[in-house]
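1. pasting the sequence and the predicted coordinates here, then a few questions.
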Amino acid sequence: MSTIIEVKDLNLWYGTHHALHSVNIAIPEHEITALIGPSGCGKSTFLKTLNRMNDLIPGIRIEGEVQYGGENVYDPAVDPTWLRKQIGMVFQKANPFPMSIYDNVAYGPRTHGIRSRVKLDEIVENSLRSAAIWDEVKDRLKKSALGLSGGQQQRLCIARALAVEPEVLLMDESTSALDPISTSKIEDLAVELKSRYTVIMVTHNMQQAARVSDNTAFFLLGDLVEFGKTETLFSTPKDQRTEDYITGRFG
Ligand SMILES: Nc1ncnc2c1ncn2[C@@H]1O[C@H](COP(=O)(O)OP(=O)(O)OP(=O)(O)O)[C@@H](O)[C@H]1O
C-alpha cells in the first residue's frame, strides 16, 4: 500500500481559534479513508486543507505540510487550480450548476481547454457511467440538472468531479441529505471508485464509516486522536476517547 497524501504537523487557526492541532496522517492510495468525530471537531476543516478549499477564508492561518505528488500543496509554486483538478470535492448538499446535465459534466473539461465535441461526449458518458447514473439520464442529457432528484443530483456532482480525471475524491458528508436508498447507491459507488481513485470522506454516521471505509481517522476538538484500519479501530480502539465515542458515550 502506498501513501498518496502525507500530512505533517498541520495546524490551522480561524483567527484566534486553533481548529487543528498538529495533525499527522498518511492517507493510503486506492482506499477509502473515513473521517469521524463529533460536530465541530474539525473533520471538514481538515478535509478542505487537502485541496486548499479554505484558503480564501478571512483570518485563516495554516502551518505545516500537506505532501501530494512530491510537493507541499501550500508551497507558493503550487497552482490551486491544478491541485483542485487532482483532488476533487463533492459537498454535503448537491450543488449542480443551473444548466443541462451534459453541460454540468462537460464544464470542467471545457475549462481545461477540451473543445472537441466527440471527446466531450466521451468524457460525459464515461463520467456519468462511473458515477452510476448514466442509465437514468442518458435520454435527458440536454435537460436541466435541477430537475433531477437529490440522490441523482449528488451522483451528477460526483460525475462532474470525475470528469476532470482527479486522483483523489473528497466527500464532505455527501450522503447526509439523502434517503437510505440514494445513500446506499453512493456508498456502493465509493467502493467501486476506489480501484481508480482514492476516496476520503467525512461522515457523521459511524455505521457508514464501518460499512465502506478501509481506514478511519477519529478527530476530537481539533486533535487526530486515532487513525488505523477501520476494522481494528472499531473492534479494538487504542485510545479511551475513541472507545467512548464509538460506543456512544458522547457525540
Ligand atoms: N469559516 C470558519 N470561521 C471560523 N470558525 C470556523 C469556520 N469553519 C469552522 N470553524 C470552527 O472550527 C471548528 C471545526 O469546524 P468543522 O466544520 O471543521 O467541524 P466538523 O467536525 O466538520 O463539524 P460538523 O460535523 O458539525 O460539520 C469549529 O469550532 C467551527 O466552529
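-> The structure has been received and is ready for your questions.
2. near the ligand, which residues of the stretch 51-200 of the chain show up?
-> Contact residues, the stretch 51-200 of the chain versus the ligand (CB under 6 Å from any ligand atom): Ile57. Backbone N, C-alpha and C define where each C-beta goes, glycine included.
3. which helices and strands does whichever strand or helix holds Glu231 pack with?
-> If you go by DSSP states H and E, Glu231 is part of helix 230-235. If you count contacts as 3 or more CB pairs under 8 Å, 6 or more residues apart in numbering; DSSP states H and E, helix 230-235 packs onto helix 206-212, strand 215-220, helix 240-246.
4. touching that helix from outside, list them.
-> Residues outside helix 230-235 that contact it (CB atoms under 8 Å, 6 or more residues apart in numbering): 34, 206, 209-210, 213-216, 218, 226-227, 242, 246.
5. please apply the same query to stretch 187-200.
-> 4-5, 27-33, 35, 47, 50, 130-132, 155, 158, 162, 166-171, 175, 201, 208, 211-212, 214.
6. and the residue of the stretch 51-200 of the chain found nearest the ligand, how many neighbours?
-> Going by CB to the nearest ligand atom, the ligand is nearest to Ile57 of the stretch 51-200 of the chain, at 4.8 Å. By the criterion of other CB atoms under 10 Å, Ile57 has 12 neighbours.
7. ditto for Gly228
-> Neighbours of Gly228 using other CB under 10 Å come to 16.
8. quick one: contacts for it?
-> 215-216, 238.
9. confirm that it sits in a strand.
-> Yes - counting by DSSP: H, G, I helix; E, B strand; the rest coil, Gly228 falls inside a strand.
10. how far away is it from Ser235?
-> 10 Å (CB to CB, to the nearest Å).
11. before we move on, what about Gly37?
-> 18 Å.
12. now Leu20
-> Taken as CB to CB, the span from Leu20 to Ser235 is 27 Å.
13. neighbour-wise, which of these two wins?
-> Neighbours per residue (other CB under 10 Å) separate Leu20 from Ser235, with Leu20 holding more: 23 against 10.
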